[in-house]
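Engineer: build me a model:
(2 chains)
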Protein chains: 2
Amino acid sequence: MMIDPAEDAKAPATAPHPSAPPRPGDAAGADVLATGIDPFVVAATRLAIEAGDMEAVRARIEPLHAADLADLIQDLDRADRRAVIPLIAKDLLPAVLAELDETVRDEVIEALGVSETAAAVADMEIDDALHVISELDEEDQQRVLDAIPEPDRVLIEQGLSYPDFSAGRLMQREMVAVPTFWTVGDTIDHLRWTAEESPDTLPTLFYDLYVVDPGHRPVGAIALSRLLTARRAVALTDLMQTELKRIPTDMAQRDVAFLFRQRDLTSAPVVDDGGRLVGVITIDDVVDVIEEEHEDEVMHLGGVRYDDLYSATFDTARSRFTWLLVNLVTAIIASLVIGLFDATIEQMVALAVLMPIVASMGGNAGTQSLTVAVRALATKELTAANAGRVVGKELLVGSINGVLFAVVTGAVTWVWFGDGALAAIIGMAMVINLIVAGLSGAVIPIVLDRLNIDPAIASSVFLTTVTDVVGFFAFLGLATWLLL
Amino acid sequence: MMIDPAEDAKAPATAPHPSAPPRPGDAAGADVLATGIDPFVVAATRLAIEAGDMEAVRARIEPLHAADLADLIQDLDRADRRAVIPLIAKDLLPAVLAELDETVRDEVIEALGVSETAAAVADMEIDDALHVISELDEEDQQRVLDAIPEPDRVLIEQGLSYPDFSAGRLMQREMVAVPTFWTVGDTIDHLRWTAEESPDTLPTLFYDLYVVDPGHRPVGAIALSRLLTARRAVALTDLMQTELKRIPTDMAQRDVAFLFRQRDLTSAPVVDDGGRLVGVITIDDVVDVIEEEHEDEVMHLGGVRYDDLYSATFDTARSRFTWLLVNLVTAIIASLVIGLFDATIEQMVALAVLMPIVASMGGNAGTQSLTVAVRALATKELTAANAGRVVGKELLVGSINGVLFAVVTGAVTWVWFGDGALAAIIGMAMVINLIVAGLSGAVIPIVLDRLNIDPAIASSVFLTTVTDVVGFFAFLGLATWLLL
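Structural biologist: Below you'll find the model as predicted:
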C-alpha cells in the first residue's frame, strides 16, 4: 500500500480537467458575470423554440454552465421548457437537476421519465441525489430508486432513513479517515494510492481529513493545508485539531448551520449513536441550508408558505388563500370592535376618518419590534438570558415613539378638524397603541418560540389582531367616554 | 529552496495544537451544543458581578470559546459588560472582538482604550482587522491604525482604500501562488519550506492554490485535495482547473456572494485592474456576507434600518421614528380618502365598520406578492426575462383570490347586516383591491429595483398607500354611487 514518494509518474495520476489554454484576464473580471443568466440568451432561446429551430436552441444552450442552464429553464414557460429538456446534454443533466427549483424540477423529471431521471440521479454525489429524491412524491421516489444500480441505491436508501432536515440527510458519506498511528507521509501515500486504485471511495473535493480510533470514532481533524505544510515524518496526532464538534445524525439542519456559523467551521464529522464516524458535513452544504432557512423566514414573515415564483398560478392562489382567510378573521374581529361604537361614529364621523391612523401606526410599530425579535430568535441572540431586557426595551421604545406620535398626530388632527378634544383623544390612543404594539411585537414571537411554533409564521397575525383591536378600542372608547 | 521530501523530521514542523488526550464520543454529540451560550452561565456570571466576586467571574468565563464569550458579553447589560471586559484573556480578545455585534463592539473598544484595541486588531487576520476597523468612526479608526505596527498597518490601509462592501474589503491578502512550470512535488516542498522559514506569509487555512503566469495573473486553481492525491511528478498545469472566476477588487460583495452560490465555489481569486492576483475570497467570508444581506433584507422588509437588539433604547427609538413618520403620511393620505366620503358614512355607519376589512385584505395580499418579488429580485431569479410572466401571474392570483374573498366577505356582510346591496358592494371592492394588490406587490419592487432603490426598504410603504387608498376609495365610492 505504501508508495515511494519520489516515484516517477509516467502519467498524471489524476487529470480530470482538460488543460484548456489559460485565459489570462486581459480585461480584469471580463469573465465574471454576477447577474445570472443573460436575458438576451433567454429571449433568443424562446424565439428559436417558437420558430421550431431546434438546432439554434441547441447552439444557444450548449455553451451554458449547469447553473445558467437551470436559470434558463426556470425562465421559460411550461411549453418551452418541454421543448428544451430533451436537448440537455446527458452529462449536464445531474448538475442541472440539482440546481433547479423544486417545482420546476418536478416538471423536468416528469418530462424525462423514470429511467432517465434515475440515470441522472445515479451520477450525482450521494448528498445531492438524496436531496433530489427526498423532494419527489413517494411513488416517484420508489420508482427512481428501483432504477438506480445497487451500491448507490443502498447509500441513498440509508440516507433516506434519517429524518427530514437532519444532519444525516445533509452529510456526505465519502470521506477520508486515517488511523492515529500514521504520519503525514503515510497519509499522502495512502491518498495517492487510493486516487489510483479506487478513486470512487474518495470525495470529489475535501478540505479536512479525520483521524479515527480503532472503533472508527473521530479523535481529531486535520485541515489539508496543515497536512501539506508539515514534513513527512510528523505524526498525525501532533498535527490534529482535537477540539471536534461531533454532529449526531439526527441533529436538525438549522442547528448544524448555527454551529458552523458560531464556530466558523468549514467541515465537521457526523457520528452515529455509538460515536462512530459515518459522514462529513462541509460548509458548501451548510450554505444551502442557510439559504433555505432564510427563504423560509422571509416568506413566512410575508405570509407566504412556499416559494412560488415557478409554481402554477392556481397552486399559488390556493396556498395564499389560507393565510388570507386567517387574516380575514382578524379583520372581522377588528370590525366587530368598531361595531361596538357605531352610535358614536354616527354622531361624529371624523372618528371614522381618523381611526385607521391609530390602527395602522400600531401595526407598523409592532412589525418593527416583531421583526427584530423574530430575527434575534432565528440567530439565537434572543434567549431566556436576555428576553426580559429586550421586552423592557421595546416597552420603552414604544413609549417614546408613542408620545412623539401623539404630539404629531394630535397636531395634524387639531389643524384638520379644529377640535382640541379630538386631538387629545387621538394622542392618548396613539400612546396606548404604540406601547402595546412594542410590547406585543416582542412578547408574541418569544411565547410562540417557547411553544415550539415558528414565530416567523404565526406572529404577525396575532400582532395585527392586537394592534387593530387595541387601536380601534382605545380611540373609539376614549371618544365615547370623553366626548359624548 | 527544495527540500528532500523523505527527510527525517527531528521535531514536528508545525504543531500548533497541543495534542490533548482524544475525547472519544462516548455519548455521541455530547460535546455539541447548538443553542449558543448557556443561559445558566449568563445568570451565574451576572450574580458573581453583582456580588463583586471577580474571581468567580473569571472562573466562569475562562473555559468559554470566543464565540460564546461574545454572546455572554452581549447578553449582559452595559454596567456588567464593563466589569467583564478587563477579565478577557489577551489572546482571546481578537477573536471575541471579531465575533461581537457592531454596537457592543464599539462599547468594548471604548472600554479597552486605543492601545489595547490596536494590539488585538494587529493579532487578527487582515480581513477581520479590516472589518473591525472599517466599522469604527473616523477618529478612532486613525488612532487605532497609528498604534498598529508597520507591516500590518500598510496592509490594512491598502484594504481600506477599496470601496465599502467591495471584494477588495472582503478578500484575504495571504495566499499561495505558484508558477506554471512547477510540479506537485515542487509545490509541496515549497509549502513545507515556507511553513518553516516564513510562516507569516501563509494563510492560516487555505483550500486552493493558484497557478500564476510571470505577470502574476492567475491562470489556474488547484484544490488541495487534488494536489494531495496526485503523484509528485505531475505538472501543475495538468492538474489545474482553468475555468476561473476572476473577481475584480471593486465587485460588490453581494455580487460576490451570488457568484459563489451560483457556481458552488469554495474560493476565488481577486484580481486588480491589470488582472494581477491580489487576494483570495473564501466561502467562510461569503457566509458572513450572506448573513449580512439576509439581515438587511428581513429588517428592511419589517421597517427597521439597523440591527438594534443591543443598541441604546433612545437610538432604537430614533431610528424607528423615521420609518413610522413615513407611514404616518401614508395613513393620513388614506384618511383623506375616507374624508371624501364622510357624508356617505354619516348616512350609513356600517360602511365605517366594514371598510378596514377591504383595506386590510388588500394589504395582506399585496404583502404576499411583494415578498415573493423582493425575494426573487434578491436571488436574481426575477429578471427582465421573466418579469412580465411574474406580473401576469400575480394579476391572475389576485383575481382568483379576489373573487373567492368577494364571496366569503359578501356572505359575512349579508349575514351580519342583512343587506344584499352592501354585500355586493364589499364583494366588488374586494375584487378590485386584491387585483390591484397583487399587481402592485409585483410591479413596485421591480420598478424600484430598476431605479436602483433597494426594493426591500421602500416597497412596503408604496404598497400600503396603494392598497389603503384603492380599498377605501373602491368601497366607499361604490357605496356612494350605488346606494345613495
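Engineer: separation between A:Ala317 and B:Phe417?
Structural biologist: According to CB to CB, to the nearest Å, A:Ala317 and B:Phe417 sit 28 Å apart. C-beta coordinates here come from the backbone N, C-alpha and C atoms, glycine included.
Engineer: for A:Met355, that is, sorry about that
Structural biologist: 19 Å.
Engineer: what does A:Leu47 give?
Structural biologist: A:Leu47 sits 55 Å away from B:Phe417, going by CB to CB.
Engineer: of the two, who's got more company?
Structural biologist: More crowded of A:Leu47 and B:Phe417, by other CB atoms under 10 Å in any protein chain shown: B:Phe417, with 17 against 13.
Engineer: phi first, then psi, for the closest residue to the more buried one other than its chain neighbours.
Structural biologist: Leaving out its chain neighbours, the residue that sits closest to B:Phe417 by CB to CB, 6 or more residues apart in numbering or on different chains is B:Ala350, at 5.3 Å. With angles defined as degrees, to the nearest 10, B:Ala350 sits at phi -60, psi -30.
Engineer: what's the burial count for B:Ala350?
Structural biologist: By the measure other CB under 10 Å, the count of residues near B:Ala350 is 20.
Engineer: OK, contacts around it?
Structural biologist: The contact partners of B:Ala350, by CB atoms under 8 Å, 6 or more residues apart in numbering or on different chains, come to A:342, B:417, B:419, B:422.
Engineer: what about the residues you listed, which one has the most neighbours?
Structural biologist: Scoring those on neighbours with other CB under 10 Å, the highest-scoring entry is B:Leu422 at 22 neighbours.
Engineer: that one: which element?
Structural biologist: Counting by DSSP states H and E, the element that carries B:Leu422 is helix B:420-450.
Engineer: buried sites along that helix?
Structural biologist: B:422-446, B:448-449 (16 or more other CB atoms under 10 Å in any protein chain shown).
Engineer: wait, does the helix or strand following that helix contact chain A?
Structural biologist: As assigned by DSSP H and E, the chain's next helix or strand after helix B:420-450 is helix B:455-483. Yes. If you take CB under 8 Å from any CB of the partner chain as the test, helix B:455-483 does meet chain A, through B:464, B:468.
Engineer: and helix B:455-483, what's buried?
Structural biologist: For helix B:455-483, a neighbour-count test (16+ other CB under 10 Å) marks B:455-480 as buried.
Engineer: can you report how many residues lie near whichever residue of the stretch 51-200 of chain A sits closest to chain B?
Structural biologist: When scored by CB to the nearest CB, the stretch 51-200 of chain A has A:Ala195 as its residue closest to chain B, at 3.6 Å. Here the number of neighbours of A:Ala195 (other CB under 10 Å) works out to 19.
Engineer: hang on, isn't it packed against A:Leu202?
Structural biologist: Yes. Using CB atoms under 8 Å, A:Ala195 is in contact with A:Leu202, at 6.2 Å.
Engineer: now do the shared contacts for the two.
Structural biologist: Joint contacts of A:Ala195 and A:Leu202 (CB under 8 Å, 6+ apart) are B:Thr229.
Engineer: A:Val431 versus A:Val403, what's the distance?
Structural biologist: Where A:Val431 is concerned, A:Val403 sits at a distance of 6 Å (CB to CB).
Engineer: what does stretch A:447-464 contact?
Structural biologist: With contacts defined as CB under 8 Å, 6+ apart, stretch A:447-464 is touched by A:296-297, A:300-301, A:303, A:305, A:326-327, A:330, A:363, A:366-367, A:370, A:373-374, A:377-378, A:437, A:440-441, A:444-446, B:360.
Engineer: tell me how far the ends of it are from each other?
Structural biologist: End-to-end distance of stretch A:447-464 (CA to CA, to the nearest Å): 16 Å.
Engineer: for the stretch 101-250 of chain A, which residues score under the pLDDT cut-off?
Structural biologist: Judged by pLDDT under 70, the stretch 101-250 of chain A has no weakly predicted residues.
Engineer: can you give me the strands in it?
Structural biologist: For the stretch 101-250 of chain A, the strands defined by DSSP state E, counting those that start in this stretch cover A:177-179, A:208-212, A:218-223, A:247-248.
Engineer: may I see the buried residues of the second one?
Structural biologist: With burial defined by 16+ other CB under 10 Å, the residues of strand A:208-212 counted as buried are A:208-212.
Engineer: separation between the nearest residue to A:Val176 once chain neighbours are set aside and B:Pro151?
Structural biologist: Once flanking residues are discounted, A:Val176 sits nearest to A:Leu209: 4.1 Å by CB to CB, 6+ apart. Going from A:Leu209 to B:Pro151 by CB to CB gives 33 Å.
Engineer: settle this for me: A:Ala95 is touching A:Ala66, isn't it.
Structural biologist: Yes. If you go by CB under 8 Å, A:Ala95 and A:Ala66 touch, sitting 3.5 Å apart.
Engineer: burial measure for A:Phe321, as a count.
Structural biologist: The tally of other residues near A:Phe321 (other CB under 10 Å) stands at 17.
Engineer: could you confirm whether the helix or strand containing it reaches chain B?
Structural biologist: Per DSSP H and E: A:Phe321 is located in helix A:313-340. Yes. Using CB under 8 Å from any CB, helix A:313-340 reaches chain B at A:313-314, A:316-317, A:320-321, A:323-325, A:327-328, A:330-332, A:334-335, A:338-339.
Engineer: which among the residues you listed count as buried?
Structural biologist: Using 16+ other CB under 10 Å as the burial test, the residues of helix A:313-340 next to chain B include A:313, A:316-317, A:320-321, A:323-324, A:327-328, A:330-332, A:334-335, A:338-339 as buried.
Engineer: what is the burial count for A:Glu55?
Structural biologist: If you count neighbours by other CB under 10 Å, A:Glu55 ends up with 9.
Engineer: ok, A:Ile222 next?
Structural biologist: When neighbours are defined as other CB under 10 Å, A:Ile222 has 22 of them.
Engineer: relative to chain B, how far out is it?
Structural biologist: For A:Ile222, the distance to chain B equals 10 Å [CB to the nearest CB, to the nearest Å].
Engineer: any idea how far the residue of the stretch 51-200 of chain A closest to chain B lies from B:Leu64?
Structural biologist: Taking CB to CB as the measure, A:Ala195 falls 41 Å from B:Leu64.
Engineer: what does A:Ala317 give?
Structural biologist: Distance from A:Ala317 to B:Leu64, by CB to CB: 51 Å.
Engineer: what does A:Leu324 give?
Structural biologist: Counting by CB to CB, the gap from A:Leu324 to B:Leu64 is 47 Å.
Engineer: what does A:Ile88 give?
Structural biologist: The gap separating A:Ile88 from B:Leu64 is 52 Å, by CB to CB.
Engineer: quick one, which of these two is more surrounded?
Structural biologist: A:Ile88 (23 against 19).
Engineer: now do the phi/psi pair for the more buried one.
Structural biologist: Note on A:Ile88: its backbone torsions stand at phi -70, psi 130 [degrees, to the nearest 10].
Engineer: report the contact partners of it.
Structural biologist: By CB under 8 Å, 6+ apart, the neighbours of A:Ile88 are A:61, A:69, A:96.
Engineer: is A:Ile400 in a helix, a strand, or coil?
Structural biologist: helix (DSSP: H, G, I helix; E, B strand; the rest coil).
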